[in-house]
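Participant: model this:
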Amino acid sequence: MKSFMIQGAKILATGSAVPNSSLSNNQISNIVNTSDEWIFTRTGIKERRVLTGINQSVVDLGILASMDALKKISMDPSEIDLIILATSSPNDLFGSASQIQCKIGATNAVAFDLTAACSGFVLGIVTASQFLQNGSYRNILVIGADVLSKWIDWSDRSTCILFGDAAGAAIVQRCSNQNNSILNFQLNTDGKYSEHLSIAYKNYTSPHSKLNLYQGYFNYVAMNGKEVYKFAVSQVPLSILKCLSSLDMSVNDVDWLLLHQANERILKAVADKLSINKSKIIANLSKYGNTSAASIPLALDEAVQDDKILDSQIVVIAGFGAGLTWGTVVIRW
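Facilitator: Numbering: from 1, shown residues only. Alright, predicted model coming up:
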């Protein structure tokens, strides 16, 4: 666990993108033994978006979200110095950030992927802040995007009801004051529980006939829902409290709580543990489901567009998921 003060990084703009195709609970009930009531009662999800085009990938959504953010502040893509793509579903195992860099015309940007599943956007923002703080770059595009519909076993009721596809983006810039700034962060990892949420690599049963080496493939998403719930509800509030404490803040100073959109029960349980009123929770889970690395920036962009977040308000953002990883970022808007 590490926690450091950050100065000099602010979010200039946000953007988001979702596929056109939606998948309702009733439609899923035609695929597996479930119902709209069963899904909504246990998760808070009513529908999700899925990427259906044969040649479409996470890159397409990442491009749309990035251009949305750039357009809002009339920034030329050539002004971006670094692109960080947080994703666990690239269309190329070697990485997809460079494809986005090319297609949006960010000719001066370095680009790389960051893999931390549902915590990816939080780690991406923290990573970007370090580059800004040490003066390496001025403008950084952080994208959280996933298309886990491509990695779902659609006969597995425990996972197929949860996930959707989306992308969200934020342009982060170096600044010299504490207005609209990232105030602090707190990050954790505990790999001994990694099997609770994974897309595991599997070997074929027989080795190569002449080389005696094993090759394989990646499996579908596997999740132990009960253990992930217990982990999130126990660890996320502690992370938030540690982060606030290091800033001499309390939960009373929090104007908005934005958690990874995994399950409505988790959102409510974390808020209850922190004694934060449910009216302060930013949520869009019912419309999009769990969009992994995209869930936080997607919800943030919607809240900004709806004028929910006002100047100088304190926004606490917390991500949690596979790894297992979790982390908190505190922002003064």
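
Participant: where exactly do the strands run in the stretch 51-200 of the chain?
Facilitator: With DSSP state E, counting those that start in this stretch as the criterion, the stretch 51-200 of the chain has strands at 82-86, 110-114, 139-147, 165-174, 181-189, 197-198.

Participant: Domain-wise, how is the protein divided?
Facilitator: Taking automatic domain parsing as the reference, the chain has its domains at 2-174, 181-332.

Participant: Now mean pLDDT and mean neighbour count too, for these, in CSV please.
Facilitator: Every C-beta, even on glycine, is put in place using the N, C-alpha and C of the backbone. Converted to CSV, the domains of the chain look like this (pLDDT from 0 to 100; neighbours: other CB atoms under 10 Å):
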stretch, mean pLDDT, mean neighbour count
domain 2-174, 95, 20
domain 181-332, 95, 18
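
Participant: closest one to residue 241 among the strands of the stretch 51-200 of the chain?
Facilitator: Of all the strands of the stretch 51-200 of the chain, strand 181-189 sits nearest to residue 241, with 9.2 Å by CB to CB.

Participant: which outside residues touch the closest one?
Facilitator: For strand 181-189, the external contacting residues (CB atoms under 8 Å, 6 or more residues apart in numbering) are 1-11, 122-123, 125-126, 129, 172, 175, 235, 239-240, 242-243, 246-247, 323-332.

Participant: who's in contact with residue 117?
Facilitator: Residues near residue 117 by CB under 8 Å, 6+ apart: 88, 197, 292-293, 321-323, 325.

Participant: among these, which two are most distant?
Facilitator: 197 and 293 (13.2 Å).

Participant: so where do the helices sit in this protein?
Facilitator: Using DSSP state H, the helices of the chain run over residues 25-28, 36-43, 58-72, 97-104, 120-133, 157-160, 225-246, 264-274, 285-288, 295-305.

Participant: quick one, the second one and helix 264-274 angle?
Facilitator: Same thing as helix 36-43. Angle, helix 36-43 to helix 264-274, by axes from the mean of the first three to the mean of the last three CA atoms, to 10 degrees: 30 degrees.

Participant: With respect to residue 82, which of the contacts of residue 117 is nearest?
Facilitator: Lowest distance from residue 82 to the contacts of residue 117 (CB to CB) belongs to residue 293, with 17.1 Å.

Participant: so that closest one makes contact with residue 65?
Facilitator: No - counting by CB atoms under 8 Å, residue 293 does not reach residue 65; the two are 11.3 Å apart.

Participant: give me the beta-bridge partners of residue 188?
Facilitator: Residue 188 has these beta-bridge partners by DSSP bridges: residue 326.

Participant: same question but for residue 147, I mixed them up
Facilitator: With DSSP bridges as the criterion, residue 147 is bridged to residue 165.

Participant: I figured it hits residue 62, correct?
Facilitator: No - with contact defined as CB under 8 Å, residue 147 and residue 62 do not form a contacting pair (9.9 Å).

Participant: Could you save the strands of the stretch 51-200 of the chain as CSV and add columns showing distance to residue 298?
Facilitator: Conversion of the strands of the stretch 51-200 of the chain to CSV gives the following (distance: least, CB to CB, whole Å):
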stretch, distance to residue 298
strand 82-86, 12
strand 110-114, 17
strand 139-147, 8
strand 165-174, 4
strand 181-189, 19
strand 197-198, 20
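
Participant: Minimum distance to residue 231: which of the ones you listed has it?
Facilitator: It's strand 197-198; of the strands of the stretch 51-200 of the chain, that one is closest to residue 231 (CB to CB) at 9.1 Å.

Participant: The closest one - contacts with which helices or strands?
Facilitator: If contacts are counted by 3 or more CB pairs under 8 Å, 6 or more residues apart in numbering; DSSP states H and E, strand 197-198 sits against strand 222-223.
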